[in-house]
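Undergrad: with the input below, show me the fold.
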Amino acid sequence: MSKHGKILVAMSGGLDSTVTAIMLHEQGYEVVGITMKTWDYASSGGSKKETGCCSLDSINDARMVAVDKGFHHFIVDIREEFGDYVIDNFVDEYLAGRTPNPCVLCNTHIKWEALLKRADQLGCEFIATGHYASVHQNPDNNRYFISKGKDENKDQSYVLWGLSQDCLCRTRFPLGQLHKTEIRQMARDMGYTELANKAESYEICFVPDNDYRGFLKRRVDGLEEKVKGGKFVDKHGKVLGTHQGYPFYTIGQRKGLGIALGEPYFVTEIIPHENVVVLGLEEELNKNGMFVHHLNMLKYENINEPMRAVTKIRYKNAGAESTLFSEPGDLLRIAFDSNVSAITPGQSAVFYEGNDVIGGGHIVSAFQQ
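TA: Got it, this is the predicted structure:
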């Protein structure tokens, strides 16, 4: 009988998840490792060698550590459910002129659900991952919520805002109070020098060559022919040139426009039904308000009164002071204290009270008050 109970650990084969499993094993948990194969890169038609969490090397690395430490390890193929939901959404969002967050969607609807399902099948009380974040319970209402990881450069709370209360109450994040440098040293001290030096991947797992435009072209038959030759226009509708198709651009983009206008121009709006991409000067990206939907509230069940928060509009965004207003139809209106650049529909907005995640949602639109 284990000292702390039985815990299912998601093991990608990378440094963070491997150290997580070893830490919990040494702390006295009965660890069961699980590696989820979400994507077969060969089927995407890309040219780069398969790497990352779904590669055979990564799966073997995870299994090797489990065998070395003497705990069980399973490989679960969830490619079908991953593809149907995450990849279809990824494509649909770009075709709708929005920029998706596939990692948020995967965490919310695929990985955690798959983990909980297998945890129940294997009799595990808890699940754990190598994310840099922590889970707490609000003593005022007993709700579970995410807090930032101690290592500000590695904090992953932004991509976890969609987790349900059922998921959070059983989730453990052992790395939340540690820095990346400490994790690397721990791996060395454990005798896993090669693992400690393992490079990190910041790519989307099903687009390892980082060419999402190429992925869309391969995924959607005839896409390039359907959308090429659209117009670049300015905010007044003046035609500035032609583009390669609206799905291949994102708000705030400056490089790769293929057009010379004498000074830097940026994508400020995408109008999919007209195949139009609006360009403007950098200051035209500035907005001080936005609407957010598909909400998931964590620390508080809802927001009945205007509430102050720091709002992040992308993963590496520092966040901006704002006020949250509840609107009819499961909407939040966010009023920023000052202008924010490149608010992008489809991306996640995450609201913080100090280090704690109040909740999050998907950006619908931006506006100037």
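Undergrad: for stretch 207-225, could you pull out the residues that count as buried?
TA: Neighbour counts over stretch 207-225 (16 or more other CB atoms under 10 Å) mark 207-209, 212-217, 219, 223 as buried. Quick note: C-beta positions are derived from backbone N, CA and C, even for glycine.
Undergrad: again with stretch 21-30
TA: 21-25, 29-30.
Undergrad: show me how far it is from its chain's centre.
TA: 27 Å (CA atoms, centre = their mean, to the nearest Å).
Undergrad: that one - what's its average pLDDT?
TA: This predicted structure assigns stretch 21-30 an average pLDDT of 96.
Undergrad: outline the domain layout of the protein.
TA: 6-130+174-196, 224-280, 285-367 (automatic domain parsing).
Undergrad: quick one: contacts for the closest residue to residue 195 other than its chain neighbours?
TA: Leaving out its chain neighbours, the residue that sits closest to residue 195 by CB to CB, 6 or more residues apart in numbering is residue 187, at 5.0 Å. Shown in contact with residue 187 (CB atoms under 8 Å, 6 or more residues apart in numbering): 15, 18-19, 193, 195-196.
Undergrad: mind checking the SS state of residue 187?
TA: helix (DSSP: H, G, I helix; E, B strand; the rest coil).
Undergrad: out of the buried residues of stretch 21-30, which sit inside strands?
TA: residue 30 (DSSP state E).
Undergrad: right, and out of the buried residues of stretch 21-30, which lies closest to residue 111?
TA: residue 21 (15.8 Å; CB to CB).
Undergrad: who's in contact with the helix or strand of the chain with the lowest mean pLDDT?
TA: Sorting the helices and strands of the chain by mean pLDDT, DSSP states H and E puts helix 79-82 at the bottom, at a mean of 85. Residues from elsewhere that reach helix 79-82, judged by CB under 8 Å, 6+ apart: 37-40, 106, 110, 114.
Undergrad: follow-up on the earlier one: distance to residue 149 for the domains of the chain - can I get that in a markdown table?
TA: What follows is those, written out as a markdown table (distance: least, CB to CB, whole Å):
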| stretch | distance to residue 149 |
| --- | --- |
| domain 6-130+174-196 | 5 |
| domain 224-280 | 26 |
| domain 285-367 | 9 |
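Undergrad: which of those has the lowest average pLDDT?
TA: domain 6-130+174-196 (a mean of 88).
Undergrad: need the three-state assignment for the closest residue to residue 287 other than its chain neighbours.
TA: Excluding its sequence neighbours, the residue lying closest to residue 287 (CB to CB, 6+ apart) is residue 366, at 4.0 Å. Following three-state DSSP, residue 366 is assigned to strand.
Undergrad: residue contacts, residue 366?
TA: Counting by CB under 8 Å, 6+ apart, the residues that residue 366 touches are 287, 289-290, 343, 345.
Undergrad: show me which pair in these is furthest apart.
TA: 289 and 345, at 13.4 Å, using CB to CB across the contacts of residue 366.
Undergrad: picking that back up, can I get the buried residues of stretch 21-30 in JSON lines with distance to residue 262?
TA: Shown next, in JSON lines, are those (distance: CB to CB, whole Å):
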{"residue": "21", "distance to residue 262": "56"}
{"residue": "22", "distance to residue 262": "57"}
{"residue": "23", "distance to residue 262": "56"}
{"residue": "24", "distance to residue 262": "58"}
{"residue": "25", "distance to residue 262": "61"}
{"residue": "29", "distance to residue 262": "62"}
{"residue": "30", "distance to residue 262": "66"}
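Undergrad: out of the buried residues of stretch 21-30, which are inside helices?
TA: 21-25 (DSSP state H).
Undergrad: looking at those, which is nearest residue 317?
TA: Using CB to CB, these come closest to residue 317 at residue 23, 30.0 Å.
Undergrad: touching, that closest one and residue 174? I think so.
TA: Yes. Between residue 23 and residue 174 there is a contact under CB atoms under 8 Å: 5.1 Å.
Undergrad: for the ones in helices among the buried residues of stretch 21-30, which one is nearest residue 126?
TA: residue 24 (9.0 Å).
Undergrad: what is the neighbour count of the closest residue to that closest one other than its chain neighbours?
TA: Leaving aside its sequence neighbours, residue 24 sits nearest to residue 31 (CB to CB, 6+ apart; 5.3 Å). Number of residues near residue 31 (other CB atoms under 10 Å) recorded here: 27.
Undergrad: for residue 31, name its beta-bridge partners.
TA: Beta-bridge pairing of residue 31 under DSSP bridges involves residue 7.
Undergrad: can you give me every residue that contacts it?
TA: Per CB under 8 Å, 6+ apart, neighbours of residue 31: 7, 9, 21, 24-25, 69, 71-72.
Undergrad: same check, this time on residue 359
TA: 161, 295-300, 350-351.
Undergrad: in strands, which of these appear?
TA: Filtering the contacts of residue 359 for strands - DSSP E - leaves 295-297, 350-351.
Undergrad: centre of the chain to stretch 96-108, how far?
TA: 7 Å.
Undergrad: now swap in stretch 319-327 and tell me
TA: 21 Å.
Undergrad: residue 179: how many residues sit nearby?
TA: 16.
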